[in-house]
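Undergrad: Model the structure of this input:
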Amino acid sequence: MTPRRKWNTFKVSLRDFFFSEDEDGIQSDLRRRRDFIQNITNNAIYVRGENNTVVRQDGQGDRYIVTQIMSLLSKHIIPGAAHDSSARDPPPRCHPDTRVKLVDRITAWFEGQAPLELLLWITGPAGVGKSAVVQTFAEHLVKCGQLGASVFISRPNKRDNPHGVFITIAYQLATRIEAYRNYIVERLGLDPELLNGDLQAQFTTFIVEPFAVKHLGAGGKRWGILLDGLDELRGTDAQCEIIHLVGAFMKEHSNVPLVWIIASRPESHISNTFEDDELRISYWSEYIPIDSTEACEDVERFLRSNFKTVRKKFRHCVSSDWPSNTDFLKLTAAASGLFIYAEVVMQFIRDSGHADPVSRFEVLLSVIDRSNAIPSQENPFVHLDALYHEILSSMPPTVWPTTKRLLGVAIYGGQAILGWRNNYLRQNVLTLRGTSILFGISRNAVYASLDKLRSTLKIPDWKVAHKKPLTFLHASFADYLKDSKRAGGFHVGSEGTTQGMMSRLLEIWNKCSGDDIGTVEAVWHQYCLDLTHESPSRGIEEFYIKLFHDSGPTESPAYTLLWKMNMRKLCYFLNVGDLMYLAHSIKRIPADPRYVGFLRKVQLKDLVFGHLDWNEMSPAYAHYGKKGKLSGKTWVIHRPRSSAELTTFVSDLLSLQERSPELRAFILGGIPKERVVVFQRPLNEKPVIQADFMYYVIPYPE
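TA: As a prediction, this is how the structure comes out:
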């Protein structure tokens with residue numbers, strides 16, 4: 001592997017420090033999507049066939065184009081949000097013989113609801129089992145062949161991007177309804193930029209046009225669209241907008257074959273939106289209270305069934321009459337109809353790491369006694385919080401800093417700005433192994449710090465830890481950790497987590513960027529191996545390489561670390577795109593005292609170029625032109641590859657100084673001897689687009 005490829009992350013990720021994703025970046029992304037579709041459709045000629053299908057004239061059918069369009073669509077969904085996704089395994093579902101009346105009411109509504117009630121809002125406090133109800137009903141619809149789409153949103157598990165909600169629904173509908181799939185193929189084949197629309201535009205494209213304008217499925221069976229955890233979606237405005245879009249649509253088009261179920265906590269902004277005069281009569285609501293008679297009876301059934309399972313599993317150490325009726329009633333009173341408490345309790349008791357359910361139950365009873373409080377409407381989680389505190393307190397104090405760091409990444413990692421390849425890096429660094437590499441935590445330390453939390457977390461095995469993140473079994477644990485009043489000393493804040501992640505990226509790359517360019521990747525690889533003490537498989541090797549190329553320095557509160565970056569070495573690895581972006585976009589950096597000592601604006605006449613060395617210093621410039629006599633125009637990079645070429649290069653720079661002495665330039669770098677100068681010169685009198693400039697990045701030690 002060439003040194004240039006070894007360092008592609010170190011040089012391109014610096015872009016995000018110099019400029020944010022702007023209109024140019026968005027347009028570039030859209031062009032790539034359009035080119036992707038054109039590459040598909042240019043391979044054959046398509047004509048309109050029967051039933052509005054798209055057919056290839058070359059006789060191969062439309063399977064190829066359908067596959068490619070569905071693949072494009074799948075790249076914009078919320079991963080792991082479907083009811084049967086492995087990311088949610090095991091999903092919360094109603095225990096047998098619980099929530100029977102509630103599920104029956106929902107089923108009756110779905111099968112015979114009035115035309116004005118095609119939207120159901122399932123609401124109630126956290127922990128009452130809303131997701132389990134929605135999951136159970138989703139599985140019922142699957143058996144009936146009527147599930148259109150299911151989206152289970154989870155903020156702590158990073159399934160909370162509002163931009164992906166309607167795209168996820170569209171993708172699932174397309175997998176189940178052939179006519180809808182044909183519609184999607186046609187629309188995205190003509191305009192793939194539809195995927196980049198806002199919520200209203202997406203709703204119009206993926207819901208209104210096919211079902212209200214083209215009347216797909218009219219007169220046929222109903223399809224259920226289930227949206228769980230709306231309150232966990234990123235941004236309250238997006239939450240309210242989705243309610244408005246769905247509610248107004250169903251009120252105006254009551255004959256469409258779609259039935260919507262939205263589940264959420266009764267947050268004030270959500271309740272107010274549902275109570276809007278325009279929506280009030282177009283939906284039905286089902287409130288699930290905490291301590292209703294039905295809920296308490298269901299929780300009791302759940303607990304009895306689970307204790308029966310525990311007695312079978314641990315029959316060698318548990319008597320048949322355990323627990324006593326007195327202790328059982330004490331537990332059901334503490335649960336007070338709260339399903340999440342009952343679930344965490346049973347996970348705590350049957351924890352295989354302890355293999356002693358009797359003593360675990362005794363600990364639980366002592367926690368209930370110590371809390372000496374009764375759950376109320378104002379404080380429904382008093383016993384749940386006491387249990388979470390007990391679980392966290394069982395950890396050795398020495399491992400808590402590591403645990404807190406891992407929990408922080410699991411909760412807030414999606415908020416960190418991680419270089420110009422942010423989205424690519426996030427999916428790698430937020431895996432359990434990726435996080436361990438980021439913070440330099442060994443494999444043993446990772447599992448030691450999480451061992452006491454198995455009743456609250458889903459901890460991936462190390463063999464798949466490079467693919468899977470640390471996830472929460474229920475959002476209530478993340479809610480507890482985020483609330484300083486509830487968690488106290490176990491509070492996990494966002495600011496320290498995101499700043500810590502960005503600072504660590506800088507620390508790692510500064511550690512890897514030694515004097516010898518050729519050793520950078522070797523240092524990184526050894527750094528990874530030292531954390532695991534194992535011979536990595538091919539898949540792990542590829543993970544290390546991907547993480548290496550996708551990560552790198554980024555804008556961070558740790559500005560002093562940026563000053564340690566070797567800007568001269570960065571210059572050596574720049575390609576044409578980096579030259580263009582650095583030179584073209586650096587002028588956008590605002591006047592900011594944080595950049596004092598790192599960035600300095602000068603004029604071309606102030607620069608001296610007698611220090612350059614073609615071998616080690618490697619100056620470069622880029623422009624839009626021809627690579628060869630037979631090639632068309634493209635972006636081309638030039639670097640002096642001999643002393644003679646360097647002499648010509650410097651001569652051209654001196655001529656440019658004479659012609660344009662006041663041309664603006666920027667000197668970058670905190671280390672004087674490792675600095676570079678960046679500038680662009682116009683190629684015509686009225687430069688407008690990037691092709692109208694020549695871009696320079698030149699080592700400039702001082």
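Undergrad: residue contacts, the residue lying closest to K221 once chain neighbours are set aside?
TA: Closest residue to K221 apart from its sequence neighbours, by Cβ to Cβ, 6 or more residues apart in numbering: Q146 at 6.0 Å. Where you see a C-beta, it was placed from the backbone N, CA and C, and this is true even at glycine. By Cβ atoms under 8 Å, 6 or more residues apart in numbering, the contact list for Q146 reads 221-224.
Undergrad: out of those residues, which are buried?
TA: Buried subset of the contacts of Q146 (neighbour count, 16 or more other Cβ atoms under 10 Å): 222-224.
Undergrad: Excluding residues flanking it in the chain, which one is nearest V636?
TA: G625 (5.1 Å).
Undergrad: Please name the residues that touch the one you found.
TA: 633-634, 636.
Undergrad: Now secondary structure, neighbour count and distance to K308 too, for those, in a markdown table please.
TA: Conversion of these to a markdown table gives the following (DSSP: H, G, I helix; E, B strand; the rest coil; neighbours: other Cβ atoms under 10 Å; distance: Cβ to Cβ, whole Å):
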| residue | secondary structure | neighbour count | distance to K308 |
| --- | --- | --- | --- |
| K633 | strand | 11 | 75 |
| T634 | strand | 10 | 71 |
| V636 | strand | 15 | 74 |
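Undergrad: between those, which is nearest K75?
TA: The closest of the contacts of G625 to K75 turns out to be T634 (Cβ to Cβ; 26.5 Å).
Undergrad: I'd say the closest one and Y624 touch.
TA: Yes: in this structure T634 lies within contact range of Y624 using Cβ atoms under 8 Å: 7.3 Å.
Undergrad: Show me this structure divided up by domain.
TA: By the assignment in the TED database, the chain contains the domains 86-287, 300-394, 399-562, 567-699.
Undergrad: Out of those domains, flag the one nearest I77.
TA: domain 86-287 (4.2 Å).
Undergrad: So, low pLDDT: which residues of the stretch 401-550 of the chain?
TA: Flagging of the stretch 401-550 of the chain using pLDDT under 70 yields the residue ranges 416-426, 506, 509-510, 513-520, 548-550.
Undergrad: Please repeat the previous calculation with a cut-off of 50.
TA: 419-423 (pLDDT under 50).
Undergrad: quick one, phi psi at the closest residue to L656 other than its chain neighbours?
TA: In space, and not counting its chain neighbours, L656 is closest to R681: 6.4 Å by Cβ to Cβ, 6+ apart. Main-chain dihedrals, R681, degrees, to the nearest 10: phi -120, psi 140.
Undergrad: now do E658
TA: Per degrees, to the nearest 10, the backbone of E658 is at phi -70, psi -40.
Undergrad: Tell me how many other residues crowd it.
TA: Summarising burial for E658: neighbours were counted as other Cβ atoms under 10 Å, giving 9.
Undergrad: Show the pLDDT at it.
TA: pLDDT, E658: 92.
Undergrad: so how far is F609 from it?
TA: 13 Å (Cβ to Cβ, to the nearest Å).
Undergrad: need the contact list for A81.
TA: 150-154, 159, 164, 168.
Undergrad: no, scratch that, I was asking about E209
TA: Per Cβ under 8 Å, 6+ apart, neighbours of E209: 183, 187.
Undergrad: low-confidence ranges in the protein?
TA: 1-61, 419-423, 552-560, 630.
Undergrad: Please state the offset of whatever helix or strand E542 lives in from the chain centre?
TA: In the assignment (DSSP states H and E), E542 maps to helix 538-550. Helix 538-550 sits 19 Å away from the centroid of its parent chain (Cα atoms, centre = their mean, to the nearest Å).
Undergrad: circling back to that earlier point, could you pull out the buried residues of the helix or strand containing the residue nearest to V636?
TA: Element membership for G625, per DSSP H and E: strand 620-626. By neighbour count on 16+ other Cβ under 10 Å, the buried set for strand 620-626 is 620-624.
Undergrad: Mind listing the strands that strand pairs with, and their directions?
TA: The strands beside strand 620-626 in its sheet (DSSP bridges) come out as strand 633-638 (antiparallel), strand 693-699 (antiparallel).
Undergrad: In contact with the residue nearest to the spatial centre of the chain, which residues?
TA: With distances taken as Cα atoms, centre = their mean, the residue of the chain nearest its centroid is K158 (4.9 Å). K158 makes contact with 413-414, 430, 469 under the criterion Cβ under 8 Å, 6+ apart.
Undergrad: Can you pick out the most distant pair from those residues?
TA: Taking Cβ to Cβ as the measure, these have their most distant pair in G414 and P469, spaced 9.9 Å apart.
Undergrad: residues shared between the contacts of these two?
TA: 158, 430.
Undergrad: Run a quick neighbour tally on the nearest residue to L119 once chain neighbours are set aside.
TA: What sits nearest to L119 in space, not counting adjacent residues and going by Cβ to Cβ, 6+ apart, is Y283, at 3.9 Å. For Y283, the neighbour count with other Cβ under 10 Å is 20.
Undergrad: repeat for P289
TA: P289 has 14 nearby residues by other Cβ under 10 Å.
Undergrad: mind checking which helix or strand it is in?
TA: Counting by DSSP H and E, P289 is found in no helix or strand.
Undergrad: Could you verify my assumption that it touches G337?
TA: Yes: using Cβ under 8 Å, P289 is in contact with G337, at 7.4 Å.
Undergrad: Please save the CA atoms from the longest helix anywhere in the chain in PDB.
TA: In the chain, with assignment by DSSP state H, the single longest helix is helix 293-313. Presented in PDB, the C-alpha positions along helix 293-313 are these (Å, rounded to 0.1, in the frame of the first residue of the first chain):
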ATOM      1  CA  THR A 293     -56.000  -2.500  37.600                       C
ATOM      2  CA  GLU A 294     -55.400  -4.100  34.200                       C
ATOM      3  CA  ALA A 295     -51.700  -3.000  34.200                       C
ATOM      4  CA  CYS A 296     -51.100  -4.300  37.800                       C
ATOM      5  CA  GLU A 297     -52.800  -7.700  37.000                       C
ATOM      6  CA  ASP A 298     -50.700  -8.000  33.800                       C
ATOM      7  CA  VAL A 299     -47.500  -7.200  35.600                       C
ATOM      8  CA  GLU A 300     -48.300  -9.800  38.200                       C
ATOM      9  CA  ARG A 301     -48.900 -12.400  35.500                       C
ATOM     10  CA  PHE A 302     -45.600 -11.500  33.900                       C
ATOM     11  CA  LEU A 303     -43.700 -11.800  37.200                       C
ATOM     12  CA  ARG A 304     -45.300 -15.200  38.100                       C
ATOM     13  CA  SER A 305     -44.500 -16.600  34.700                       C
ATOM     14  CA  ASN A 306     -40.900 -15.400  34.900                       C
ATOM     15  CA  PHE A 307     -40.400 -16.700  38.400                       C
ATOM     16  CA  LYS A 308     -41.600 -20.100  37.200                       C
ATOM     17  CA  THR A 309     -39.000 -20.000  34.400                       C
ATOM     18  CA  VAL A 310     -36.300 -19.100  36.900                       C
ATOM     19  CA  ARG A 311     -37.200 -22.000  39.100                       C
ATOM     20  CA  LYS A 312     -36.900 -24.400  36.200                       C
ATOM     21  CA  LYS A 313     -33.500 -23.000  35.100                       C
END
